[in-house]
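*Asks:* sequence first, predicted coordinates after that:
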Amino acid sequence: MGPKRLLQWPLALTMLSLCSSSNSSNNSLGVFIERAPESAVAPKGDEVVFECEMNLKPDRLEWRFRTSSNEPYRYLHPADGYNVTSSNEERTWKLRIYVSAQTLGDYQCVAWYGPGAIASTPGRLTLVSISIDNANGYSRHAVRWSVAPKNCVLLRCGSVTSNPPAIWSFYRNGEKLPQTELLPGAAGALVLGSVSAKDAGNYTCAATNAITGEELRLPQVIDLRVDYTDRTPPYFLLQQPATQVAARPGDTVVLECPGVGSPRPGAVWSSPNVPNIYHNRSRVLAYGLQITDVQPGDQGSYVCRLDNGLAPVLVHMITLSVLERPRIKRGPNSTLTNEGDSLALECDAIGHPQPEIYWLLNGEDAAADNEILIEHNRLLIHHVQKRHAGVVQCFARNQLGETSEGNLLRVNPLQITGEDDQPLGNVPMRYDHEMGHGNGNGNGNGNGNGNGNGGYSSSSSRNKNKRKYMRVEKWLKGATIAYPSPCTRPPPHPPEHPQPYSHRDLAPYR
């Protein structure tokens, strides 16, 4: 897997912005995931290794797991017996998992840099399996097909669900046939290009899992008879071919139109919305239209008209959908906002099917935050809190895969003037000393009044000379401190006082 989309990181994320004027530049992240865990298919009892590699050594990296996308993640700690190792100067981390029914699901790594966290796209562990689709829907008796010689017969005796895709084998009268042409897709088909009497017989098929070697014999038997018949217009054997076909870019796909008749019909292809269906990547076969190296421009409707000179002409329409992995066109912006403000972030993604979008904030599900509302591709924070500072990631996923893009969210702490608030933490809110009236002096013990040996000033003087202090918060590794504006050098931290503050303890910081 190639490197993930670049994320940028500030040099000191643990310190929130203090003066908006000094943070007007767009600080960017400098860390990204070079290798995310990849999905794996394995048999029960096997061991798989998930790998996560960062471009910079994280402060810590942890693995987490969920059984399905509807369940919350839980962290996998080495202390609980999980095999987690690191290498490459602790930039590469590996998780070894023993495959069982309990370990199937999504695995994701989360890397912390200070208080901010980046999560990888998850890798999914699935079990090797193979099973017959609609096992009870097959007839106990052989299905009889009668066709005229020289027709092209597309023979398919059932379908299976297999992970990874199955390998198909075909048998005539119990003997295995050499495979002449196998159609792509989960349900293989045998192509008999121009049938004759020697092709008549009872046909069966089997599907084999490519990893375990487990073989399933499908119960359906097809009794093919090749006889000269009266002239008949085109028709389909057994049932109508598929009308919806999906393919990935780069695949080879066959739009099936396997009509038979007497005489053998020919096919003419057209499209109401694909400008050019005849090119160097397309080929008309006896049983359909083959397109190699499928591209997004091939998506559309295709019309097959089977005609052998006898009415009616058989018309069959097929819609081709070209699947596309998710791609984020515009991720969340790097944002500086104020505590208490509202904020909206957007993420635009494309893909086919249309990707589902979800958000993580410092590695956790943003939808679980009671201040956050998710609306389609938008993340809305009603009242930004300091806990929201860090990395916001947008993830886009569909059946073909998942991708993500993230950016930095910075928060200016709310300024507290202290006019009517109680003291916060170890920073007292107090009044400047003033000289008292009468015979007192500035060195009194504070027990007198205006006529005594010194004390505090009157109420109006106190309000006039009150010092404004800011709230002091601790945020994980670094102290996030908001100073009085304009930004100047920080005052020293006040000492811890197990006893009540004395007057000297309350002296202003200089």
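*Replies:* The structure has been received and is ready for your questions.

*Asks:* scan this structure for its longest strand.
*Replies:* The residue-count maximum for a strand in the chain (DSSP state E) belongs to strand 401-412.

*Asks:* tell me which residue is most central in the protein.
*Replies:* Nearest to the geometric centre of the chain sits Glu402, at 3.9 Å (CA atoms, centre = their mean).

*Asks:* and the closest residue in space to that one that isn't next to it in sequence, how far is that from Cys152?
*Replies:* Excluding the flanking residues, the one nearest Glu402 by CB to CB, 6 or more residues apart in numbering is Thr121, at 4.6 Å. Where you see a C-beta, it was placed from the backbone N, CA and C, and this is true even at glycine. As judged by CB to CB, to the nearest Å, Thr121 and Cys152 stand 44 Å apart.

*Asks:* more neighbours: which of the two?
*Replies:* Neighbours per residue (other CB atoms under 10 Å) separate Thr121 from Cys152, with Thr121 holding more: 23 against 19.

*Asks:* surely that one and Ser39 touch.
*Replies:* No - Thr121 is beyond contact range of Ser39, at 9.8 Å (criterion: CB atoms under 8 Å).

*Asks:* what number of residues lie near Leu400?
*Replies:* So Leu400, with other CB under 10 Å, has 15 neighbours.

*Asks:* er, Phe170 actually
*Replies:* 22.

*Asks:* report pLDDT for it.
*Replies:* For Phe170, the pLDDT comes out at 93.

*Asks:* if we can go back for a sec, so who does the residue nearest to the centre of the chain touch?
*Replies:* Each residue near Glu402 by CB atoms under 8 Å, 6 or more residues apart in numbering is listed here: Thr121, Pro122, Pro326, Phe395, Ala396.

*Asks:* confirm the fourth one sits in a helix?
*Replies:* Right, the one you point to is Phe395. No - secondary structure of Phe395, determined by DSSP: H, G, I helix; E, B strand; the rest coil: strand, with no helix assignment.

*Asks:* how far away is it from Asn308?
*Replies:* 53 Å.

*Asks:* and if you look at the last one?
*Replies:* Applying CB to CB, the value for Ala396 to Asn308 is 49 Å.

*Asks:* compare those two (neighbour count), which wins?
*Replies:* Of the pair Ala396 and Asn308, Ala396 is the one with more neighbours under other CB under 10 Å, namely 27 against 19.

*Asks:* hang on, the more buried one packs against Ser404?
*Replies:* Yes - Ala396 is within contact range of Ser404, at 7.3 Å (criterion: CB under 8 Å).

*Asks:* mind listing the shared neighbours of these two?
*Replies:* Listed as contacting both Ala396 and Ser404 by CB under 8 Å, 6+ apart are Ile328.

*Asks:* buried ones in stretch 286-299, by neighbour count?
*Replies:* Ala286, Tyr287, Gly288, Leu289, Gln290, Ile291, Val294, Asp298, Gln299 (16 or more other CB atoms under 10 Å).

*Asks:* out of those residues, which comes closest to Glu364?
*Replies:* Among the buried residues of stretch 286-299, Gln299 lies closest to Glu364 (CB to CB), at 37.5 Å.

*Asks:* and the closest one, how close does it get to Ile350?
*Replies:* 14 Å.

*Asks:* related to what we said a few turns ago, nearest to Thr212, of the contacts of Glu402?
*Replies:* Nearest to Thr212 among those, with distances taken as CB to CB, is Pro122, at 25.0 Å.

*Asks:* residue contacts, the closest one?
*Replies:* Pro37, Asp106, Tyr107, Gln108, Glu402.

*Asks:* determine which two of the residues you listed are furthest apart.
*Replies:* Longest span within these, CB to CB: Tyr107 and Glu402, 12.8 Å.

*Asks:* those helices in the chain, which residues are they?
*Replies:* Along the chain, counting by DSSP state H, helices occupy 459-465.

*Asks:* which residues touch stretch 199-206?
*Replies:* Residues outside stretch 199-206 that contact it (CB under 8 Å, 6+ apart): 142, 153, 155-158, 168-174, 188, 190, 192, 215-218, 220-226.

*Asks:* just the buried members of those residues?
*Replies:* 153, 155-158, 168-172, 188, 190, 192, 216, 218, 220-222, 224, 226.

*Asks:* just the buried residues of stretch 275-287, please?
*Replies:* Residues Ile277, Val284, Leu285, Ala286, Tyr287 are the ones in stretch 275-287 that count as buried (16+ other CB under 10 Å).

*Asks:* what's the span of that stretch, first residue to last?
*Replies:* 22 Å (CA to CA, to the nearest Å).

*Asks:* please state the offset of it from the chain centre?
*Replies:* 36 Å (CA atoms, centre = their mean, to the nearest Å).

*Asks:* what about that stretch, average pLDDT?
*Replies:* pLDDT averaged over stretch 275-287 gives 94.

*Asks:* and if you look at stretch 237-250?
*Replies:* 90.

*Asks:* give me the residues contacting that stretch.
*Replies:* Here stretch 237-250 has contacts from 143, 145, 147, 153-154, 253, 255-258, 260, 288, 291, 293-296, 316-324, 400, using CB under 8 Å, 6+ apart.

*Asks:* low-scoring stretches of this protein, by residue?
*Replies:* 1-29, 179-187, 417-510 (pLDDT under 70).

*Asks:* what about Glu215, distance to Ser162?
*Replies:* 11 Å.

*Asks:* who touches both of these two?
*Replies:* Common contacts of Glu215 and Ser162 (CB under 8 Å, 6+ apart): Ala207, Asn209.

*Asks:* chain center to stretch 258-267, what's the gap?
*Replies:* For stretch 258-267, the distance to the chain centre is 47 Å (CA atoms, centre = their mean).

*Asks:* quick check: buried residues in that stretch?
*Replies:* Pro258, Gly259, Val260, Gly261, Ser262, Arg264, Pro265, Ala267.

*Asks:* if we can go back for a sec, dump the C-alpha coordinates for the longest strand of the chain into PDB.
*Replies:* Provided in PDB are the C-alpha atoms of strand 401-412 (Å, rounded to 0.1, in the frame of the first residue of the first chain):
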ATOM      1  CA  GLY A 401     -11.800   0.600   0.100                       C
ATOM      2  CA  GLU A 402     -11.300   3.500   2.400                       C
ATOM      3  CA  THR A 403      -9.200   6.600   2.600                       C
ATOM      4  CA  SER A 404      -8.700   9.600   4.900                       C
ATOM      5  CA  GLU A 405      -7.500  13.100   5.200                       C
ATOM      6  CA  GLY A 406      -6.900  15.200   8.300                       C
ATOM      7  CA  ASN A 407      -5.900  18.600   9.500                       C
ATOM      8  CA  LEU A 408      -5.200  20.600  12.600                       C
ATOM      9  CA  LEU A 409      -7.800  22.300  14.700                       C
ATOM     10  CA  ARG A 410      -6.400  25.000  17.000                       C
ATOM     11  CA  VAL A 411      -8.400  26.600  19.800                       C
ATOM     12  CA  ASN A 412      -7.900  29.900  21.500                       C
END
